[in-house]
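Student: Curious how this folds, go ahead:
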Amino acid sequence: MLFSKLANLFIMPNEIGVSEIKVLQSPQDRIRHQIHKGTEQGLNAGAELTNLKEVHNAAYCPISLTQTPENLRELVAYQQKTLLKILESAGIQAYDPLTAPFSPDQNIDYSPEEIYNQDLTRIHMARFLVGINSNASIGFGVEWQAAVDLYKVPIILVPQGLRISRMQPQPSIILTFSNLETQADTFKDIFEICQTFQIGKGLQNNKPIILGIQGRDHYNLAEVIYTAYPEHRYEHDPQKPTLITQALNPEILL
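Tutor: Next up, the predicted model:
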């Protein structure tokens, strides 16, 4: 299925944005940019983190933890586990903050500075940032923006009936799902397709794009995925609801 999908894609160059693409950062330039940013951010200390070498088949998987309401935590954790299984089936190594030693559910002793540096380092070390954006989270947004700034490949999944904030770091690939378990094969294919490209940074119609490179051909990677799976492309719809949560302790704001 994967290879037939790819074959169909690459006979339609005009539909997936092969033309009119300006290359801003080659894959080599992109890595140099990341090393420079890592040094600038003071993240090169420590034997394990030396040079912040990117793993091409690794993903950082952001998840809302601190402010997730209790009645949502089980669902959020379940969806995260399902996503991790899909990534594993596609050959992608996932870093999961939910089960990491630095998780607030596992250890509350680390300082905000330590958590920021640890998570930012893990984003540096992964090519992909893959997360389910189901409820508001400051941490999720910060990590998403960090991935964009580092020219990573952010792939954000949104429940089909949900409207998320219009403040979406770009360029990103934003997809919808109705049921991750029943659609697991589809998303496995998407993650496998993304791994067949080298990654750079580009510009198309004066908009930044994730540059997908196949040999001498350059593609808008988001458009490659949207063309192959139009039914999963997230479109902002002001008529869709946002997730409504209720504050149980508003007195702490006073």
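Student: Helices along the protein, start to end?
Tutor: Here the chain has its helices, by DSSP state H, at 2-9, 27-40, 70-89, 112-125, 138-149, 184-195, 221-228.
Student: ok, residue 82 to residue 139 distance?
Tutor: Counting by C-beta to C-beta, to the nearest Å, the gap between residue 82 and residue 139 amounts to 20 Å. Bear in mind the C-beta positions are built from the backbone N, C-alpha and C, glycine included.
Student: give me the low-pLDDT residue ranges for the stretch 101-250 of the chain?
Tutor: Regions of the stretch 101-250 of the chain meeting the criterion pLDDT under 70 cover residues 104-105.
Student: just to revisit the earlier point, which one of the helices of the chain lies closest to residue 208?
Tutor: When those are compared for distance to residue 208 using C-beta to C-beta, the nearest one is helix 138-149, at 8.5 Å.
Student: Could you identify which of the helices of the chain is most buried?
Tutor: Per-stretch averages of neighbours, counted by mean count of other C-beta atoms under 10 Å, single out helix 221-228 among these, with a mean of 22.
Student: Could you check the angle that one makes with helix 184-195?
Tutor: Following axes from the mean of the first three to the mean of the last three C-alpha atoms, to 10 degrees, one obtains 140 degrees for the angle between helix 221-228 and helix 184-195.
Student: How far away from the center of its chain is helix 221-228?
Tutor: From the chain centre to the centre of helix 221-228 is a distance of 15 Å (C-alpha atoms, centre = their mean, to the nearest Å).
Student: Which strands or helices does that helix pack on?
Tutor: The helices and strands touching helix 221-228, judged by 3 or more C-beta pairs under 8 Å, 6 or more residues apart in numbering; DSSP states H and E, are helix 2-9, strand 173-177, helix 184-195, strand 207-214.
Student: Let's see that with 10 Å instead.
Tutor: Counting by 3 or more C-beta pairs under 10 Å, 6 or more residues apart in numbering; DSSP states H and E, the packing neighbours recorded for helix 221-228 are helix 2-9, strand 153-159, strand 173-177, helix 184-195, strand 198-204, strand 207-214, strand 217-220.
Student: I'd like to know which of the ones you listed is closest to residue 75.
Tutor: Among the helices and strands packed on helix 221-228, the nearest to residue 75 by C-beta to C-beta is strand 153-159 (10.1 Å).
Student: Describe which strands the closest one pairs with in its sheet and in which direction.
Tutor: The strands beside strand 153-159 in its sheet (DSSP bridges) come out as strand 126-132 (parallel), strand 173-177 (parallel).
Student: Just the CA trace of that strand, in CSV.
Tutor: Output of strand 153-159 as CSV, limited to C-alpha atoms (Å, rounded to 0.1, in the frame of the first residue of the first chain):
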residue,chain,number,x,y,z
VAL,A,153,9.0,17.8,11.2
PRO,A,154,6.0,18.6,13.4
ILE,A,155,3.1,16.2,12.8
ILE,A,156,0.2,17.3,15.0
LEU,A,157,-2.9,15.1,15.3
VAL,A,158,-6.3,16.6,16.2
PRO,A,159,-9.5,14.7,17.1
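Student: which residues touch the residue nearest to residue 103 when sequence neighbours are not counted?
Tutor: For residue 103, the nearest residue in space outside its immediate sequence neighbours is residue 97; the separation is 5.8 Å by C-beta to C-beta, 6 or more residues apart in numbering. For residue 97, the contacting residues are 60-65, 80, 103-106, 115, 118-119, 122, 131, 139-140, 143, taking C-beta atoms under 10 Å, 6 or more residues apart in numbering as the criterion.
Student: Could you provide the helices of the chain in TSV, with additional columns for distance to residue 248?
Tutor: Rendered in TSV, the data for these read as follows (distance: least, C-beta to C-beta, whole Å):
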stretch	distance to residue 248
helix 2-9	46
helix 27-40	39
helix 70-89	9
helix 112-125	24
helix 138-149	19
helix 184-195	34
helix 221-228	39
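Student: Indicate which one of the ones you listed is closest to residue 205.
Tutor: With C-beta to C-beta as the measure, helix 221-228 is the member of the helices of the chain nearest residue 205 (11.1 Å).
Student: Surely residue 228 and residue 187 touch.
Tutor: No. Using C-beta atoms under 10 Å as the test, residue 228 is too far from residue 187 to be in contact (12.0 Å).
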